[in-house]
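In: Build the 3D model from these lines:
(one chain, ligands or ions: 1)
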Amino acid sequence: MTDPDLSCTIAGVRFPLCIMNASGALCVTREELEALGRSGAGAIVTKSMTVEFRKGNPEPRYYPFSGGSINSMGLPNLGYQTYAELIPALKAFKKPVIASIAGLCEEDFPEIARAISKAGPDLIEVNLSCPNIPGKPQIGYDFDASERLIRKVRAVVDRPMGVKLPPYFDPAHHAAMADVLKRAPVDFLSLINSVGNALVIDPEKESVVIKPKGGFGGLGGSVIKAVALANVRAFWKAFDGRIPIIGVGGVTSGTDVFEHLLAGASAVQVGTALVEEGTGVFDRLAAELRAVLAKKSYPSSSAVVGRLKEL
Ligand code: SIN
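Out: Now for the predicted structure:
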């Protein structure tokens with residue numbers, strides 16, 4: 001049997017590999033973005049960009065532990081004008097470039113989106129879910145604000161756009177956001193951002209492990225995989241598979257990728273594992289996924305999408 005095909009197509013854009021970085025992980029600077037370009041990653045996803053350059057929250061602001069990581073980075077980034085200048089050069093790596101945008105207020109989003117759309121990324125991912133800006137609630141938990149914002153961004157971009165949502169924990173909230181997306185459609189979903197406002201404690205030191213927000217931060221890695229899979233599945237079902245989904249959360253092995261595909265993701269993003277392992281993670285995950293698919297006689301990753309059996 002020939003090697004399983006791990007490419008995918010999202011909103012009309014072909015990805016050579018269905019595995020890429022999550023926004024935030026090793027994707028702030030030009031050097032980091034170029035390293036993603038040279039790596040086996042199926043795309044280059046930028047850090048969520050704001051209007052102005054941001055240093056982010058005080059350090060320590062990222063802490064890995066056995067089950068994953070907690071972070072409160074606070075959107076450190078170069079500002080959208082710098083990313084707009086970088087995007088044409090990133091496209092030379094011949095893989096899709098996804099521009100992730102964020103704002104500190106509602107009006108920031110269309111300003112950034114308009115400019116970044118002109119720079120020509122293949123896709124725009126609108127981050128409605130950063131949990132780490134003190135005093136700024138996650139927009140994705142405000143359904144009216146989310147709808148307004150999607151409409152405002154949609155009006156100024158000429159690229160496929162998607163939203164990166166926070167985790168929802170109740171079917172009523174999955175349904176409420178699905179209703180928003182039926183009224184204000186997007187081209188893809190990235191599910192999920194970190195599980196916000198968690199608290200990790202070092203019992204030896206009797207202390208929190210990160211400095212911002214009294215130690216509260218977004219949880220990533222293996223500990224959130226089940227929450228990510230549930231959100232992928234809920235939105236895949238809400239749209240009968242008609243909106244492509246990028247699964248994010250707990251991807252540390254080829255089997256994790258396979259589970260995201262079964263739940264309904266067309267591709268996955270990798271955060272904690274990328275930070276911990278470096279850009280070699282993409283080749284490892286691709287090899288492991290190929291082995292899983294070959295063993296189960298699947299010809300491609302796309303043949304798996306949504307095939308989860310229910311009992
Ligand atoms: C951060 O920069 O604080 C993380 C970004 C995010 O979770 O959206």
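In: So, low pLDDT: which residues of the stretch 51-200 of the chain?
Out: Nowhere does the stretch 51-200 of the chain drop to pLDDT under 70.
In: What residues of the strand or helix carrying Lys225 count as buried?
Out: Secondary structure from DSSP states H and E places Lys225 in helix 225-238. Neighbour-count burial for helix 225-238, counted by 16 or more other CB atoms under 10 Å, picks out 225, 227-238. Using the backbone N, CA and C atoms, a C-beta is placed for each residue, glycine as well.
In: Direction included, what does the very next helix or strand once past it pair up with?
Out: Sequence-wise, the next helix or strand downstream of helix 225-238 (DSSP H and E) is strand 245-248. Looking at strand 245-248 with DSSP bridges, its partner strands are strand 188-191 (parallel), strand 267-270 (parallel).
In: does any part of the first one sit near the ligand?
Out: No. Applying CB under 6 Å from any ligand atom, one finds strand 188-191 out of contact with the ligand, separated by at least 10.3 Å.
In: quick one: contacts of that strand?
Out: 10-11, 23, 123, 125, 160, 162-165, 167, 181, 228, 231-232, 235, 243-249, 265, 269 (CB atoms under 8 Å, 6 or more residues apart in numbering).
In: how far out from the middle of the chain is that strand?
Out: Remark: strand 188-191 is offset 7 Å from the chain centroid, using CA atoms, centre = their mean, to the nearest Å.
In: next one: the last one
Out: Taking the mean C-alpha point of strand 267-270 and that of its whole chain, the gap between them comes to 7 Å (CA atoms, centre = their mean).
In: got it, and stretch 128-141?
Out: That offset, for stretch 128-141, works out to 15 Å (CA atoms, centre = their mean).
In: Dump that stretch to CSV, keeping only the CA atoms.
Out: What follows is stretch 128-141, C-alpha atoms only, in CSV (Å, rounded to 0.1, in the frame of the first residue of the first chain):
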residue,chain,number,x,y,z
LEU,A,128,-11.8,35.4,19.9
SER,A,129,-10.4,33.6,22.9
CYS,A,130,-7.2,34.9,24.4
PRO,A,131,-7.7,34.4,28.2
ASN,A,132,-4.6,36.3,29.3
ILE,A,133,-5.2,40.1,29.0
PRO,A,134,-6.0,41.4,32.5
GLY,A,135,-9.4,43.0,32.5
LYS,A,136,-10.4,41.8,29.0
PRO,A,137,-12.9,38.9,29.0
GLN,A,138,-12.7,36.3,26.2
ILE,A,139,-14.9,37.6,23.4
GLY,A,140,-16.0,34.1,22.4
TYR,A,141,-18.0,33.8,25.6
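In: buried stuff in it?
Out: 128-133, 138-141.
In: Point out the residues in the stretch 1-150 of the chain that sit beside the ligand.
Out: 24, 48, 72-75, 127, 129-132.
In: for the stretch 151-300 of the chain, same thing?
Out: Residues of the stretch 151-300 of the chain lying near the ligand (CB under 6 Å from any ligand atom): 193-194, 218.
In: Now the buried members of those.
Out: Looks like these have 193-194, 218 buried, using 16+ other CB under 10 Å.
In: would you list every one of the helices in the stretch 51-200 of the chain?
Out: In the stretch 51-200 of the chain, the segments counted as helices under DSSP state H, counting those that start in this stretch are 80-90, 108-119, 143-154, 171-183.
In: Please identify the most buried of those.
Out: helix 108-119 (a mean of 20; mean count of other CB atoms under 10 Å).
In: what does that one contact?
Out: Residues outside helix 108-119 that contact it (CB under 8 Å, 6+ apart) are 49-51, 80-81, 83-85, 87-88, 99, 101-103, 124, 126, 149, 152-153, 155-159, 161.
In: how much does it deviate in direction from helix 143-154?
Out: 30 degrees (axes from the mean of the first three to the mean of the last three CA atoms, to 10 degrees).
In: what inclination does helix 108-119 have with respect to helix 80-90?
Out: Using the same axes, to 10 degrees: helix 108-119 against helix 80-90 is 30 degrees.
In: how about helix 108-119 as PDB, C-alpha atoms only?
Out: This file holds the C-alpha atoms of helix 108-119, laid out as PDB (Å, rounded to 0.1, in the frame of the first residue of the first chain):
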ATOM      1  CA  ASP A 108      -8.900  46.800  16.600                       C
ATOM      2  CA  PHE A 109     -10.100  43.700  14.800                       C
ATOM      3  CA  PRO A 110     -11.300  45.300  11.500                       C
ATOM      4  CA  GLU A 111      -8.300  47.700  11.500                       C
ATOM      5  CA  ILE A 112      -5.900  44.800  11.600                       C
ATOM      6  CA  ALA A 113      -8.000  42.600   9.400                       C
ATOM      7  CA  ARG A 114      -8.200  45.200   6.600                       C
ATOM      8  CA  ALA A 115      -4.400  45.700   6.500                       C
ATOM      9  CA  ILE A 116      -3.400  42.100   6.900                       C
ATOM     10  CA  SER A 117      -5.800  40.900   4.200                       C
ATOM     11  CA  LYS A 118      -4.000  43.200   1.800                       C
ATOM     12  CA  ALA A 119      -0.700  41.500   2.700                       C
END
